[in-house]
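Novice: My questions are about this predicted structure, shown below with the sequence.
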Amino acid sequence: MRLWLSGPRIGWFRHGISLGREDVHPRLPSWRRYEYREALKAYATKHGQPITDAQADHDIDKAVALGELDAEGPVLHVEGTREELVATVMQTGEKFGIPMDRAEAERLADKALRRRFPWPAIVLAALLLGIIVALAH
């Protein structure tokens, strides 16, 4: 059920917006959910722990709710070394049915590492600058 919020009528038309459950709780398109479900079932079967459709749907819903998965694919929030990042990218790709070799995972990891903002370096520079200014006075 959708709620329709409309404005004043302009001629024959009334503009407005409709709000529904998917506007508050995002969901995946059915074809994408099917792809993820089949990939999760294949991954679980390959690792000796077959799961049902309901269990796969629960895992997908949980990943969407936690922001780990969207219609474009897995969203990774990983900290660690480059090797840990590459391993996580390859494992997640396998889990959700996105074929990826090591070279592609390394390329994605390097791209993510280049985009990372250098907060520790900025904080260290600010501390050093503060110490230098304090010693100068």
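Specialist: On my side now, so go ahead.

Novice: From now on I want contacts and neighbour counts done on CA atoms only, so please keep to that.
Specialist: Will do.

Novice: which residues does residue 45 contact?
Specialist: The contact partners of residue 45, taken as CA atoms under 8 Å, 6 or more residues apart in numbering, are residue 51.

Novice: That one falls within a helix, correct?
Specialist: Yes. With DSSP: H, G, I helix; E, B strand; the rest coil as the criterion, residue 45 is assigned to a helix.

Novice: From residue 57, how far off is residue 27?
Specialist: When CA to CA, to the nearest Å is applied, the distance between residue 27 and residue 57 equals 12 Å.

Novice: same thing with residue 101?
Specialist: Noted for residue 101: a distance of 27 Å to residue 57, by CA to CA.

Novice: Return the helix or strand in this protein with minimum mean pLDDT.
Specialist: The helix or strand of the chain with the poorest confidence is helix 21-24; it has a mean of 58 (mean pLDDT, DSSP states H and E).

Novice: Just the strands from the chain, written as ranges.
Specialist: Using DSSP state E, the strands of the chain run over 3-10, 13-19, 69-70, 73-74.

Novice: Can you get me the start-to-end distance on stretch 44-61?
Specialist: Its start and end residues considered, stretch 44-61 measures 17 Å (CA to CA).

Novice: again with stretch 92-100
Specialist: Separation of the first and last residues of stretch 92-100 by CA to CA is 10 Å.

Novice: got it, and stretch 59-74?
Specialist: 13 Å.

Novice: Please apply the same query to stretch 67-78.
Specialist: Distance across stretch 67-78, first residue to last, is 13 Å (CA to CA).

Novice: What mean pLDDT does that stretch get?
Specialist: Average pLDDT, stretch 67-78: 75.

Novice: now do stretch 49-60
Specialist: Per-residue scores along stretch 49-60 average to 92.
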